[in-house]
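Chemist: for reference, the sequence and a predicted model appear below.
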Amino acid sequence: MQQQVSNLTKNFQSFEDFAIKYNPKTQVKFGCDERKSIMADYSTLATLDLALGKHSSSNWLTVAISDLNIFCGSKSMTDEQIEDLADFIASEYKDMKFSMMQLFFYRFKRGDFGKFYGKVDPMVITCALKDFVEECAKKRDEYLTEEYEARKKEADNARQALFQKWHIFFAEFMKEVKEEDKDDLSGVCIEKVFELDNCIRIETTKDQYDLLEGVYFNTFSRLFQKIIPGISIQYKVKKPSPEAVKQQQDSNRNIQQINEQNISLSSAKAVIDNIYDLPKDGITQMRNVFFKRYGCTPEEYLKNNHQTNH
């Protein structure tokens, strides 16, 4: 509301200036653009009073109702009734935009609320205004739904265009990826689009992330900015599944066991072949150490592990 007050005081030095610009003859303009009259950010009746002085909305409505009375050829409403009706509407409908009031008077003159044959009284107008407000509420919901559908369609089209650009970009990027890395990077994809922030989030594994932010950073960034300019990237690094974690742990244990076994085999051969050319006492000491560690002689260890003794 404060912005509307500021706009009114900036554009109109007095109530008279406003009343001249938006006199009853301008009702046609508002009536010919129903959508704008209902949806646009026009000032409310309460805002007129705040910006242009107390009773500004009542005075403006008095002129409009008097004009309506003359238009309908009615002789039943007195000046006092017109002023009382203007005060009532200004109070009861203070949150209504003046543009909608202009639309109401236009539609009343158009005959949307029936024929009155020269007899229009305050009750006729207030009943018509009540129906008008209900119709406008329905129209507003329709317009909001249309705007939502239009924005949704626009967003869907933009999203589809973005995915198409991504596929073009990634195909170009993969042409510059080393053959041994192509399988690792082939599954990179868009996980989510943030339209308002002009940002996409791509989902990767830890290995894919390391490749894209490491050896392929310059290539990836250069092609991305060329084909999809103005869009930023977030990464979502997938956590490995419990099964994958267990598989990796098992693999690490197997590798560790193999390494330990290879070391043990090498130690057994070293003692048997005396590769360090130790004296008899030194070899005996090494054999004792080996037996304490593995519970058998080097020869037995090689035999148990299907190795050939030299």
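Modeler: Thanks, I have the structure now. Numbering: from 1, shown residues only.
Chemist: now do the strands in the stretch 151-300 of the chain.
Modeler: Secondary structure of the stretch 151-300 of the chain, counting by DSSP state E, counting those that start in this stretch: strands at 189-194, 199-204, 232-237.
Chemist: which of these sits most buried?
Modeler: The highest average neighbour count among the strands of the stretch 151-300 of the chain, using mean count of other C-beta atoms under 10 Å, belongs to strand 199-204 at a mean of 17. The C-beta positions use only the backbone N, C-alpha and C, and glycine is treated the same way.
Chemist: tell me the contacts of Cys32?
Modeler: By C-beta atoms under 8 Å, 6 or more residues apart in numbering, the contact set of Cys32 is empty.
Chemist: begin at 39 from here
Modeler: Got it, first residue is 39 now, which makes that one Cys70.
Chemist: from Phe143, how far off is it?
Modeler: In this view, Cys70 and Phe143 are 13 Å apart by C-beta to C-beta, to the nearest Å.
Chemist: can you check Ser44 too?
Modeler: 27 Å.
Chemist: neighbour count: the two, which is higher?
Modeler: Phe143 (23 against 11; other C-beta atoms under 10 Å).
Chemist: before we move on, which element is the more buried one in?
Modeler: helix 136-148 (DSSP states H and E).
Chemist: send the alpha carbons of that helix over as PDB?
Modeler: C-alpha atoms of helix 136-148 as PDB (Å, rounded to 0.1, in the frame of the first residue of the first chain):
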ATOM      1  CA  PHE A 136     -10.600   1.900  -8.300                       C
ATOM      2  CA  SER A 137     -10.000   0.100 -11.600                       C
ATOM      3  CA  MET A 138     -12.600  -2.500 -10.600                       C
ATOM      4  CA  MET A 139     -15.100   0.200  -9.700                       C
ATOM      5  CA  GLN A 140     -14.600   1.700 -13.200                       C
ATOM      6  CA  LEU A 141     -15.200  -1.800 -14.600                       C
ATOM      7  CA  PHE A 142     -18.400  -2.200 -12.400                       C
ATOM      8  CA  PHE A 143     -19.900   1.000 -13.600                       C
ATOM      9  CA  TYR A 144     -19.100   0.100 -17.200                       C
ATOM     10  CA  ARG A 145     -20.800  -3.300 -16.900                       C
ATOM     11  CA  PHE A 146     -23.800  -1.800 -15.100                       C
ATOM     12  CA  LYS A 147     -24.300   0.600 -18.000                       C
ATOM     13  CA  ARG A 148     -23.800  -2.300 -20.400                       C
END
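Chemist: just the residues contacting it, thanks.
Modeler: 60, 62, 64-69, 72, 74-76, 78, 80-83, 86, 95, 98-99, 102, 105-106, 109-110, 127, 131, 151, 163, 166-167, 170, 174.
Chemist: the residues you listed, buried ones only, as a ChimeraX selection?
Modeler: Listed next is the ChimeraX selection for buried residues among the contacts of helix 136-148, using 16 or more other C-beta atoms under 10 Å:
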select :60,62,65,68,69,72,75,76,80,81,82,83,86,95,98,99,102,105,106,110,127,131,151,163,166,167,170,174
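Chemist: in the sheet, who's paired with Cys237?
Modeler: Judged by DSSP bridges, the bridge partners of Cys237 are Phe232, Ser270.
Chemist: residue ranges in the stretch 39-188 of the chain under the pLDDT threshold?
Modeler: Where the stretch 39-188 of the chain drops to pLDDT under 70, the residues are 154-156.
Chemist: looking at this structure, which helix is longest?
Modeler: In terms of residue count, the longest helix belonging to the chain (DSSP state H) is helix 160-213.
Chemist: just checking, what packs against it?
Modeler: helix 72-77, helix 117-130, helix 136-148, strand 227-232, helix 255-265 (3 or more C-beta pairs under 8 Å, 6 or more residues apart in numbering; DSSP states H and E).
Chemist: so of the ones you listed, which one's packed in deepest?
Modeler: helix 136-148 (a mean of 21).
Chemist: angle of it against helix 117-130?
Modeler: 140 degrees (axes from the mean of the first three to the mean of the last three C-alpha atoms, to 10 degrees).
Chemist: got the angle between helix 136-148 and helix 160-213?
Modeler: In terms of direction (the same axes, to 10 degrees), helix 136-148 departs from helix 160-213 by 120 degrees.
Chemist: now find how far off-centre helix 136-148 is within its chain.
Modeler: 38 Å (C-alpha atoms, centre = their mean, to the nearest Å).
Chemist: quick one: residues contacting the residue sitting furthest away from the middle of the chain.
Modeler: The outermost residue of the chain relative to its centre, with distances by C-alpha atoms, centre = their mean, is Lys318 at 80.2 Å. If a contact means C-beta under 8 Å, 6+ apart, then Lys318 has no contacts.
Chemist: give me that answer again for 10 Å
Modeler: If you count contacts by C-beta atoms under 10 Å, 6 or more residues apart in numbering, Lys318 has them with Asn312.
Chemist: now do it against Tyr332, distance only.
Modeler: Applying C-beta to C-beta to Lys318 and Tyr332 gives a distance of 21 Å.
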